[in-house]
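Undergrad: okay, here's the prediction I keep looking at, along with the sequence it came from:
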Amino acid sequence: YTGNNPSIYVSGGETIAFNLNVITGHPFMIRVSSGGSNYNTGLTHVANNGTVTTQSSAQGQVAGTLYWKVPFDLIGSTYVYQCSNHAGMVGSIVIQQPASFVAANTQLAFNAANSAASDGLAFAIALG
């Protein structure tokens, strides 16, 4: 992603990495909302010297790499990344359905509709 504070799109169950080596002076946080509480589940920070911290200890770093394994149960939610020193430095993290989940369930719905249609019944399922 480029630009200032872009929205980031990720699928539930995926891991995203944030390169913090370019944000000196801007402690990086994952939060439930702008200025809200920190979200610590699934966080792992790897410092440039190899030190690993997790969960709440991974928050507020200014160098290294922060990994977030986004929990599957957050699908449909929007979280934020934010500098803890500058409230205006904030961007959205939009958590979506994994493409493979949508594709698998679309096929399931198609098969169910065809089966029902052959029995004289028809229905539609909208996935979104």
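TA: Looks like it arrived, so ask away. Residues are numbered from 1 along each chain as shown.
Undergrad: what's the weakest-modelled helix or strand in this structure?
TA: helix 99-118 (a mean of 55; mean pLDDT, DSSP states H and E).
Undergrad: for the spatially closest residue to Gly42 that is not a sequence neighbour, list the residues it contacts.
TA: Counting by CB to CB, 6 or more residues apart in numbering, the nearest residue to Gly42 once its immediate chain neighbours are dropped is Lys69, at 4.0 Å. Backbone N, C-alpha and C define where each C-beta goes, glycine included. Each residue near Lys69 by CB atoms under 8 Å, 6 or more residues apart in numbering is listed here: Gly13, Glu14, Thr15, Gly42, Thr44.
Undergrad: and which of those is nearest Ser92?
TA: Checking the contacts of Lys69 against Ser92 by CB to CB gives Glu14 as the nearest, at 16.1 Å.
Undergrad: any idea how far the closest one lies from Lys69?
TA: 8 Å (CB to CB, to the nearest Å).
Undergrad: likewise for Ser92?
TA: Taking CB to CB, one finds Ser92 at 19 Å from Lys69.
Undergrad: and if you look at His26?
TA: His26 is 23 Å from Lys69, by CB to CB.
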